[in-house]
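J.: Compute the structure for the input listed below.
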Amino acid sequence: MTCPAGYAGSYVLHKLERTQEACDELKPALDKFKGEWLLQHNLACYTCLLGNVEEARKLIEEAIELGGDVVRLRALDDEHLIRVGGGVERAETIRRRRPLRLMATMMTTTPTAEAVD
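T.: Presented below is the predicted three-dimensional model:
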């Protein structure tokens, strides 16, 4: 993935605790780069932090459809997504159920941009 316009700016805004602005900045990039799961993931995180859990759930489900089990596990680990059923408190339980093959896939799959911290 090339870093779409809006992605880097939205990440910086989020880190500056300007999450609504980050969300507003990322939405146009999402329309242009519909196949990029990382944009969907980050927008889900921002949306969840802003309290719109249903929209965040829809966005993370779309990201999982695009990126598969790697994205699902990443979402389960993401503390920003606790309200949509993800987050660190469930991740360990889910990981024990996953086959080692999936964990090997995660270790060899490196996204080209970082997800929300």
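
J.: CA atoms for contacts and neighbours, from now on please.
T.: OK.

J.: helix or strand right after the helix or strand hosting Pro28?
T.: Taking DSSP states H and E as the definition, Pro28 sits inside helix 19-32. Using DSSP H and E, the next helix or strand after helix 19-32 towards the C-terminus is helix 37-49.

J.: low pLDDT regions in this protein?
T.: 1-6, 86-117 (pLDDT under 70).

J.: Using CSV, list the CA coordinates for stretch 22-32.
T.: Extracted in CSV, the C-alpha atoms of stretch 22-32 (Å, rounded to 0.1, in the frame of the first residue of the first chain):
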residue,chain,number,x,y,z
ALA,A,22,-8.4,12.6,12.4
CYS,A,23,-11.6,10.8,11.5
ASP,A,24,-12.7,13.6,9.2
GLU,A,25,-9.3,13.6,7.5
LEU,A,26,-9.3,9.8,6.9
LYS,A,27,-12.8,9.4,5.5
PRO,A,28,-12.0,10.8,2.0
ALA,A,29,-8.9,8.5,1.7
LEU,A,30,-11.2,5.6,2.6
ASP,A,31,-13.4,6.3,-0.3
LYS,A,32,-10.4,6.4,-2.7
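
J.: Show residues contacting it.
T.: For stretch 22-32, the surrounding residues in contact (CA atoms under 8 Å, 6 or more residues apart in numbering) are 4-7, 9-14, 36, 39-40, 43, 46-47.

J.: In it, which residues are buried?
T.: Neighbour-count burial for stretch 22-32 flags 22-23, 25-27, 29-30 (criterion: 16 or more other CA atoms under 10 Å).

J.: for stretch 8-26, same thing?
T.: 8, 10-11, 13-14, 19-20, 22-23, 25-26.
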